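Trainee: all I have is the shape, not the residue letters:
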């Protein structure tokens, strides 16, 4: 995301959407009541007679957000609400949706930008390195790309392997097929690193067959127990990949959830659930808050976002970091199992 202009004193920030990952961030940043200004199209009646034409016009509108939802294919974000400013022929207080997609330039105006919202804005604007993950064994391989909020599975391929009870001639070298796919995806996405992970010694065998020196420079080896989507999370938490994945948001969030679960299991400095987190905030005990994107969205849909917003403001005054955890990865799913909201504490509550 491009941060074109910002003035947090007036509450106005001008942005440009540069990739689809930005939409996930914007869904967390834009709140009901925010004023969104941008170009949009709207059907307008020309003339007052019965034969008046209805045409689509491109115009600039300012809308007070009420609902913030992804489009059907997740390639856009629709901010729907009442029109507050626009051309004279557009009725005030009528409803309109401004669609945000790749390339859209628009402004957000808030009465107050909280610290965590500024942080999310900075995260979206900074360059985040992508990592290509290849998990494989002798029979199958899974390729995935890290995103700012989780993973995108690119492809799963299966190899031809001889069955133990049947004599079978194999015409393809499965590891060569994997190397070809690595070369294609490395060229297409230009990842910062390529993580090869496998059970046993398969990864070492495959690396010996790679002749491309530029490809080899990017490869880092890891371990996985399975070749499936759940193993992607396992690989991201591997200690041998800590230095390689230091800029990975998904890894950072998963380790936070691990720390939370450790504290809960030993009945230490952690709480979870809406009421317990509220009580901890009121006591000033919160060190950091973990809340899922799904929890926030559910409260919006129930018309109860105001109470979440109030809690976030209290925690913001405590100068405690607020982590919005994506449910696209294992960490967020595990946090959802704890109601979707939890906190690490400065001290243990009695």
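Mentor: Perfect, thanks for sending it. Predicted model only: the values in this text are computed from it and were never measured.
Trainee: now do the top strand by length along the chain: distance to the chain's middle.
Mentor: Once the chain is assigned using DSSP state E, the strand that runs over the most residues is strand 53-70. When distances are taken as C-alpha atoms, centre = their mean, to the nearest Å, strand 53-70 is centred 26 Å away from the chain's centroid.
Trainee: and that strand, which residues are buried?
Mentor: The neighbour-count check on strand 53-70 (16 or more other C-beta atoms under 10 Å) flags 61-65, 68 as buried. C-betas here are computed from N, CA, C, even on glycine.
Trainee: name the strands paired with that strand and say parallel or antiparallel.
Mentor: Looking at strand 53-70 with DSSP bridges, its partner strands are strand 35-46 (antiparallel), strand 76-85 (antiparallel).
Trainee: comparing the ones you listed, which comes out most buried?
Mentor: A comparison of the strands paired with strand 53-70 by mean neighbour count, using mean count of other C-beta atoms under 10 Å, puts strand 76-85 on top with a mean of 18.
Trainee: partner strands of the helix or strand following that one, parallel or antiparallel?
Mentor: Using DSSP states H and E, the helix or strand that follows strand 76-85 in sequence is strand 95-101. Applying DSSP bridges to the sheet, strand 95-101 is found paired with strand 76-85 (antiparallel).
Trainee: ok, back up a step: mind putting the strands paired with strand 53-70 in CSV, distance to residue 190 included?
Mentor: Listed next are the strands paired with strand 53-70 as CSV, based on distance: least, C-beta to C-beta, whole Å:
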stretch, distance to residue 190
strand 35-46, 31
strand 76-85, 25
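Trainee: just the helices from the chain, written as ranges.
Mentor: Counting by DSSP state H, one finds helices in the chain at the ranges 21-29, 115-125, 174-189, 202-209, 213-218, 229-236, 249-265, 274-282, 293-301, 305-317, 330-336.
Trainee: among those helices, which comes closest to residue 242?
Mentor: Among the helices of the chain, helix 249-265 comes nearest to residue 242, with 8.2 Å by C-beta to C-beta.
Trainee: what sits against the nearest residue to residue 333 once chain neighbours are set aside?
Mentor: Nearest residue to residue 333, sequence neighbours excluded (C-beta to C-beta, 6 or more residues apart in numbering): residue 327, at 5.8 Å. Counting by C-beta atoms under 8 Å, 6 or more residues apart in numbering, residue 327 makes contact with 292-294, 333, 335-336.
Trainee: distance of residue 327 from residue 230?
Mentor: As for residue 327, its distance to residue 230 is 14 Å (criterion: C-beta to C-beta, to the nearest Å).
Trainee: so who does residue 39 touch?
Mentor: 58-60, 104-106.
Trainee: can I get the residues you listed in TSV with pLDDT?
Mentor: Formatted as TSV, the contacts of residue 39 follow (pLDDT from 0 to 100):
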residue	pLDDT
58	88
59	91
60	93
104	95
105	95
106	96
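Trainee: ok, these vs residue 249, which is closest?
Mentor: Nearest member of those to residue 249, counting by C-beta to C-beta, is residue 104, at 22.8 Å.
Trainee: burial of the closest residue to the closest one other than its chain neighbours, as a residue count?
Mentor: Nearest in space to residue 104, with sequence neighbours left out and distances taken as C-beta to C-beta, 6+ apart, is residue 17 at 4.8 Å. Number of residues near residue 17 (other C-beta atoms under 10 Å) recorded here: 22.
Trainee: the chain should start at 460 in everything you say after this.
Mentor: Sounds good: first residue 460 from here, last item residue 476.
Trainee: quick one: pLDDT of residue 476?
Mentor: The model reports residue 476 with a pLDDT of 93.
Trainee: for residue 463, see how far away it is.
Mentor: Taking C-beta to C-beta as the measure, residue 476 falls 11 Å from residue 463.
Trainee: what about residue 685, how many residues nearby?
Mentor: For residue 685, using other C-beta under 10 Å, the count is 12.
Trainee: could you pull up phi and psi at it?
Mentor: The phi/psi pair for residue 685 (degrees, to the nearest 10) reads phi -140, psi 170.
Trainee: quick one, what contacts it?
Mentor: Counting by C-beta under 8 Å, 6+ apart, the residues that residue 685 touches are 594, 658, 693.
Trainee: and which of the residues you listed is nearest to residue 637?
Mentor: residue 594 (10.4 Å).
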